[in-house]
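Colleague: I'd like to go over a predicted model; first the sequence, then the structure.
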Amino acid sequence: MFTIPLRYVVPSLAVLAVVAGAKLEAAENLLRNPGFEEALEPAWHKRTPEDADRKLGRVEGAGRSGTWAAALENVRPAYTRLRQGHEGSIAVEPGSLIELGAWVKSELTDEARITVQIYCMDENDQIRAQPTSRPIRGACDWTKVHARAIVPDGTAYVMAYLQVNEGVGRALFDDVELVVKRKPRPRPPTPKVGLLTDLPEDGPCRESLKILFADGLVQADPEDAAGQLADCAAALVLFESGPAPQAALDAVERFAGQGGRVFMDLRNFAAWQGVAASRVSVRWEEGESPQAEMRAGLRVVKPSQATAGFEPGQIIPRASHPAGELLALPKGFSEPGIEVLAVTPDGAPGLVQASVGRGEVVAADVLSLREPYCRNVDAYYKYTLITNALTNPVQFGEYYPKKLSYAETVELAQSIAASHPAIRFQDEGPASEDYRLFSLNLGRPGAPLYFLYAAAHGSEWEPGYGLMTFAKRVAEGRMDDVIDPDRVAIKIVPCLNPWGYDQRRRHNAAGVDLNRQGDYQWDEFTGRDSNEDGTWAPGDYDWKGAGPFCEPETQTYKAIVDRAENLYCVLDYHGNSSATSNKVGILPQTGDAENELRALDLQYIANQRLAGRHLLRQNDEETFSQYLLTRVVTGAGYPYLMNTAARNRFGMLIELTAGYPESYGTVLQTDVTCELCRALFVAYPPPEKRPR
């Protein structure tokens, strides 16, 4: 397997070493009138006005530390909210870790949920993040609640909310504070990429490159490129309407000769070499299915940094739409110092690499492709060759040429274990019908156990492939910088719902949502009649079954958890193709008190490494975005399986882009899965002593 040189890994390990275990800072309260000793207004604003259902005010003599307390009262079940900062008065530097805390005393009925919430808003008053505290339910004496957030880039101001949802009665709030617990961590500089192009400024390709490379993208003047490229790490040459100016070609040739990395669209490279590129079909077979579309592209013939994520013999889905063509060099093209990395079906060079002095020039057809929308099989990896060649290549991901059956998945897992002595295959127990669950196990038995699993919802299958890839990467030693196999035990269940996986269904064979089978608040949980037949029953979206752990899959799951006295940390992968619901980490309500801070560290670590690597537009997105973990929030009071497994432990649930009809997205999906797993072991290092 081709290994990426360490010099291309972003960021450096030294930058990440400061993350885990970093101390929080004491800071001033950003809120006015935090003890409510003065009238609510103007500092506090009644987000929900007083009416027949609710009252908002102050109560004298009821304060925790002073005379007054704020009171939110529901006369009838309602959503009652008090806020500060709505006028934009609270500005916090993006990247800061902030905490909103309040003391609460409640006289509300049991169905009430009392929370505090942070809103991070951009300059257009759009929400960038909105983390909420764990809820207090019903009545209580004075109790501290808090919500935390790493302020996202683009945040213009922050708001603090005190809120009561449902229930009847009164909740008192006092000693509220919003503080910066940690200033932004230093970020590695964004690699500068010089762009030489004639593409329109507002064209889709230019817009995508701006998002992908952010403030590292530098527009270079083709006639004066030499000086502008001097402090760049890489250069892009993308001329579409005509040949690249000779001055630009001379400048990038000098730049490469001095050690720079260059990517050219193939039409520009061909002109540079004095040959004519031609359009050729890259369809390896006819058909309209996603599998056929996956075979319209370039076949890798040589491992390289540019093709990271793909093995020789695999086809990179990559074609114009709908013609299914690409520009290629003449068949048989050969020049000293130029290597062919991937070819068209008739053997014409479609991806090449030229050594120039101490640097390299990589070329492929980019400008013929559509932008990388999640359903554009032909263009999913439009920019991957560029980021691989220039800045932040795929580190761990791999391409799966097809979605396997569950039986084939078992065979694959067994072959992985057979070829990697560090991995142990284990039959874990029964699932629906005649299926059985399996696990891949690494590390030292009895050491602190990290339990990683996926596909409790069978249609959300891709992270399970990522977990199998992660097992291989650990066994290959490619995680040795953060994982010491002598200090940890790792159990991986790639697919918790085999029947649902084979049928591409959310539920198991009995129509049960396995992730509503935990014992945490199972009695209180009520789902929705999704098929609108008048009854919440098997087959409905989140049908919880006849009782906690009543299904064979969840009984096997519970057996794993119950016998693991050394269970330390849980990572539960889910997925969907909606950008409004994925790219998010969800925390268990039952976890250790320090779980939230460590989860925020995980987000930071993974995002720093993934920045500038993957670009994608998903369902519900109007434009493109880098694929990063954008939110970490506390989950609802549902009987999620992790609320059982992570009780008084560490862990989280992560939603990724998944649920695709075929495996064309797996380089991105497995790469992100592996990076998040890697970050888990940095943010949640094993304790020195065996956990209780």
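Modeller: Nice, thanks for sending it over.
Colleague: Tell me where the stretch 301-450 of the chain has helices.
Modeller: Listed in chain order, the helices of the stretch 301-450 of the chain (DSSP state H, counting those that start in this stretch) span residues 384-390, 406-419.
Colleague: Leaving out sequence neighbours, find the closest residue to Cys663.
Modeller: Cys isn't right for residue 663; it's Ser. What sits nearest to Ser663 in space, not counting adjacent residues and going by CB to CB, 6 or more residues apart in numbering, is Tyr400, at 4.4 Å. Where you see a C-beta, it was placed from the backbone N, CA and C, and this is true even at glycine.
Colleague: if I pick the one you found, what's in contact with it?
Modeller: With contact taken as CB atoms under 8 Å, 6 or more residues apart in numbering, Tyr400 is in contact with Tyr465, Ser663, Thr666, Thr670.
Colleague: Among the residues you listed, which pair sits farthest apart?
Modeller: The two members of the contacts of Tyr400 with the most space between them (CB to CB) are Ser663 and Thr670, at 9.7 Å.
Colleague: Now do the shared contacts for the two.
Modeller: Listed contacts common to Ser663 and Thr670 are Tyr400, Glu462, Tyr465; contacts here mean CB under 8 Å, 6+ apart.
Colleague: hang on, the second one packs against Ser577?
Modeller: No. Between Glu462 and Ser577 there is no contact under CB atoms under 8 Å: 10.2 Å.
Colleague: got any residues that touch both of the two?
Modeller: Each of Thr657, Ala658, Gly659, Tyr660 lies in contact with both Glu462 and Ser577 under the rule CB under 8 Å, 6+ apart.
Colleague: The first one - nearest residue in space that isn't next to it in sequence?
Modeller: What that stands for is Thr657. With sequence-adjacent residues excluded and distances taken as CB to CB, 6+ apart, Thr657 is closest to Asn582, at 5.3 Å.
Colleague: For the one you found, grab phi and psi.
Modeller: Its backbone dihedrals place Asn582 at phi -110, psi -170, with angles given as degrees, to the nearest 10.
Colleague: For it, the count of nearby residues, please.
Modeller: For Asn582, the neighbour count with other CB atoms under 10 Å is 24.
Colleague: same deal with Val633?
Modeller: The local packing count at Val633 equals 18, with neighbours defined by other CB under 10 Å.
Colleague: And Glu107, by the same measure?
Modeller: Neighbouring residues of Glu107 were enumerated by other CB under 10 Å; the total is 16.
Colleague: For it, give me the pLDDT.
Modeller: Confidence per residue is given as pLDDT, and for Glu107 that number is 97.
Colleague: Over to Leu24?
Modeller: In the prediction, the pLDDT value recorded for Leu24 is 56.
Colleague: Likewise for Leu6?
Modeller: With respect to pLDDT, Leu6 scores 36.
Colleague: pretty sure Gly260 is touching Ala235, no?
Modeller: Yes. Contact between Gly260 and Ala235 holds when scored by CB under 8 Å: they sit 6.2 Å apart.
Colleague: Counting neighbours, go ahead and name the busier of those two.
Modeller: Set side by side, Gly260 and Ala235 show unequal neighbour counts under other CB under 10 Å, the larger going to Ala235 at 28 against 24.
Colleague: any idea how far the more buried one is from Ala248?
Modeller: With distances defined as CB to CB, to the nearest Å, the gap from Ala235 to Ala248 amounts to 9 Å.
Colleague: residues shared between the contacts of those two?
Modeller: Counting by CB under 8 Å, 6+ apart, the shared contacts of Ala235 and Ala248 are Leu196, Ala220, Ala225.
Colleague: Point out the ones among those that are inside helices.
Modeller: Ala225 (DSSP state H).
Colleague: for whichever strand or helix holds Leu236, packing partners?
Modeller: With elements delineated by DSSP states H and E, Leu236 resides in strand 234-238, which encompasses its position. Based on contacts counted as 3 or more CB pairs under 8 Å, 6 or more residues apart in numbering; DSSP states H and E, the elements that strand 234-238 packs against are strand 193-197, helix 246-257, strand 261-265, helix 384-390.
Colleague: who wins for proximity to Phe470 among these?
Modeller: Of all the helices and strands packed on strand 234-238, it is helix 384-390 that lies closest to Phe470, at 19.7 Å by CB to CB.
Colleague: Using PDB, write out every CA atom in the closest one.
Modeller: These are the backbone C-alpha positions of helix 384-390, laid out as PDB (Å, rounded to 0.1, in the frame of the first residue of the first chain):
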ATOM      1  CA  THR A 384      -9.600  14.900  -4.700                       C
ATOM      2  CA  LEU A 385      -6.800  14.500  -7.200                       C
ATOM      3  CA  ILE A 386      -5.900  18.100  -6.600                       C
ATOM      4  CA  THR A 387      -5.900  18.000  -2.800                       C
ATOM      5  CA  ASN A 388      -4.100  14.700  -2.900                       C
ATOM      6  CA  ALA A 389      -1.400  16.100  -5.200                       C
ATOM      7  CA  LEU A 390      -1.000  19.500  -3.600                       C
END
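Colleague: start at 315 instead
Modeller: Sure, I'll start numbering at 315, so the last one becomes helix 698-704.
Colleague: Could you pull up the mean pLDDT of it?
Modeller: Computed over helix 698-704, the average pLDDT equals 98.
Colleague: what does stretch 765-779 give?
Modeller: Across stretch 765-779, the per-residue pLDDT values average to 98.
Colleague: hey, where'd the strands end up in the stretch 815-964 of the chain?
Modeller: Across the stretch 815-964 of the chain, reading from the start of the chain, the strands by DSSP state E, counting those that start in this stretch fall at 881-890, 898-901, 929-930, 939-940, 945-948, 964-971.
Colleague: Would you mind writing the CA trace of the first one as CSV?
Modeller: Only the C-alpha atoms of strand 881-890 are listed here, as CSV (Å, rounded to 0.1, in the frame of the first residue of the first chain):
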residue,chain,number,x,y,z
LEU,A,881,-15.4,-0.6,29.0
TYR,A,882,-14.0,2.9,28.9
CYS,A,883,-15.3,4.7,25.7
VAL,A,884,-18.1,4.2,23.2
LEU,A,885,-18.3,5.5,19.6
ASP,A,886,-21.5,4.9,17.7
TYR,A,887,-21.7,5.7,14.0
HIS,A,888,-24.8,6.6,12.1
GLY,A,889,-25.4,8.4,8.8
ASN,A,890,-27.6,10.0,6.3
